[in-house]
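Engineer: Take this sequence and fold it.
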Amino acid sequence: MDEQEFMRGRVYGADHEDASPQPGRVYAELVGGPLDGLLLDVTLPPGQELPGEVALPTELGAYGAGGRALYAVAGPGRFRWKGDMP
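Structural biologist: This is a model prediction of the structure:
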């Protein structure tokens with residue numbers, strides 16, 4: 001199993017020991033880029049709206065440690081990679 005296959009279906013930012021989706025939470029799939037296949041927890045309190053873009057810290061992108069991967073809403077339940085940022 002390679003690293004990308006290992007990460008698929010795991011929750012971004014979750015503890016490595018328990019990175020599976022949790023009941024009662026809402027997730028969006030990250031598509032493309034360094035975080036491809038991970039799930040992003042997008043559970044919000046009532047009345048709040050999902051942002052159109054998110055910049056997620058990651059060491060896997062073009063800028064290494066301290067860099068961020070930029071993802072934008074690409075439809076229901078999906079965020080598509082737009083590029084890496086320092």
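
Engineer: Now do the strands for this protein: every range, in order, please.
Structural biologist: Secondary structure of the chain (DSSP state E): strands at 27-31, 39-41, 53-57, 68-73, 78-85.

Engineer: So which of the ones you listed is nearest residue 16?
Structural biologist: When the strands of the chain are compared by C-beta to C-beta, strand 39-41 sits nearest residue 16, at 14.4 Å. Just so you know, the C-beta spots here come from the backbone N, C-alpha and C atoms, and that holds for glycine as well.

Engineer: who touches the closest one?
Structural biologist: By C-beta atoms under 8 Å, 6 or more residues apart in numbering, the residues outside strand 39-41 that reach it are 9-14, 21, 25-30, 54, 56, 71, 79.

Engineer: Now the strands of the chain in JSON lines, please, with extra columns for distance to residue 47, mean neighbour count and mean pLDDT.
Structural biologist: Output for the strands of the chain, formatted as JSON lines (distance: least, C-beta to C-beta, whole Å; neighbours: other C-beta atoms under 10 Å; pLDDT from 0 to 100):
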{"stretch": "strand 27-31", "distance to residue 47": "19", "mean neighbour count": "19", "mean pLDDT": "97"}
{"stretch": "strand 39-41", "distance to residue 47": "18", "mean neighbour count": "20", "mean pLDDT": "97"}
{"stretch": "strand 53-57", "distance to residue 47": "19", "mean neighbour count": "15", "mean pLDDT": "97"}
{"stretch": "strand 68-73", "distance to residue 47": "18", "mean neighbour count": "19", "mean pLDDT": "98"}
{"stretch": "strand 78-85", "distance to residue 47": "21", "mean neighbour count": "17", "mean pLDDT": "98"}
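
Engineer: Cool, thanks, signing off.
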